[in-house]
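*Asks:* Attaching a predicted model along with its sequence, questions to come.
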Amino acid sequence: MGKIYEVYERNGIVYFLNENKEIEFYRMPDTLTMKIETETNNGKIMNVVDNLKDGITIFSNDGIELLEMFGLFHMAENLFKGDQEDE
């Protein structure tokens, strides 16, 4: 049996969380992958997805606001737009 994934679609781009805790986003036929990390006050690098509070998933309203705060959607749209201009 295959795996079931939770996905989020916005402006024609589909986002999902892969097994490596990276966010993959697609606009056919292209694929991009991003790991969201931040540095703590003591200099430790942490994966944002690994450290979400209980009850918050990456595609819950709070999780989507977090992705928006990190600029994920804006970056993805610009990367895909750049690929289209290159063609």
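*Replies:* Received the coordinates, thanks. Numbering: from 1, shown residues only.
*Asks:* drop to CA atoms for contacts and neighbour counts, all remaining ones
*Replies:* Will do.
*Asks:* For the longest helix anywhere in the chain, which outside residues touch it?
*Replies:* With DSSP state H applied, the helix covering the greatest number of residues in the chain is identified as helix 72-86. Residues outside helix 72-86 that contact it (CA atoms under 8 Å, 6 or more residues apart in numbering) are Ile13, Phe25, Arg27, Asp30, Leu67, Glu68.
*Asks:* and with 10 Å instead?
*Replies:* Helix 72-86 is contacted from outside by 10-13, 15, 23-28, 30-34, 36, 64, 66-68, using CA atoms under 10 Å, 6 or more residues apart in numbering.
*Asks:* Tell me the buried residues within the residues you listed.
*Replies:* If you count burial by 16 or more other CA atoms under 10 Å, the buried members of these come out as Ile13, Tyr15, Ile23, Glu24, Phe25, Tyr26, Arg27, Ile36, Ile64, Leu66, Leu67.
*Asks:* Max pairwise distance over those residues: which two?
*Replies:* The two members of the buried ones among the contacts of helix 72-86 with the most space between them (CA to CA) are Arg27 and Leu66, at 21.4 Å.
*Asks:* which residues does the most centrally placed residue in the chain bridge with?
*Replies:* With distances taken as CA atoms, centre = their mean, Ile23 lies nearest the centre of the chain, 3.6 Å away. Bridge pairing for Ile23 (DSSP bridges) gives the partners Leu17, Met34.
*Asks:* and it, what does it touch?
*Replies:* Per CA under 10 Å, 6+ apart, neighbours of Ile23: Tyr15, Phe16, Leu17, Leu32, Thr33, Met34, Lys35, Ile36, Val49, Ile58, Leu67, Leu72.
*Asks:* how about these in CSV, adding distance to Glu6 and pLDDT?
*Replies:* Putting the contacts of Ile23 into CSV (distance: CA to CA, whole Å; pLDDT from 0 to 100) gives the following:
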residue, distance to Glu6, pLDDT
Tyr15, 9, 88
Phe16, 6, 86
Leu17, 7, 83
Leu32, 17, 77
Thr33, 16, 80
Met34, 16, 79
Lys35, 17, 81
Ile36, 18, 81
Val49, 14, 78
Ile58, 9, 78
Leu67, 15, 83
Leu72, 17, 84
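*Asks:* can you redo the residues you listed as TSV with distance to Gly43?
*Replies:* Formatted as TSV, the entries for the contacts of Ile23 read as follows, by distance: CA to CA, whole Å:
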residue	distance to Gly43
Tyr15	29
Phe16	28
Leu17	26
Leu32	27
Thr33	24
Met34	21
Lys35	18
Ile36	16
Val49	18
Ile58	24
Leu67	22
Leu72	23
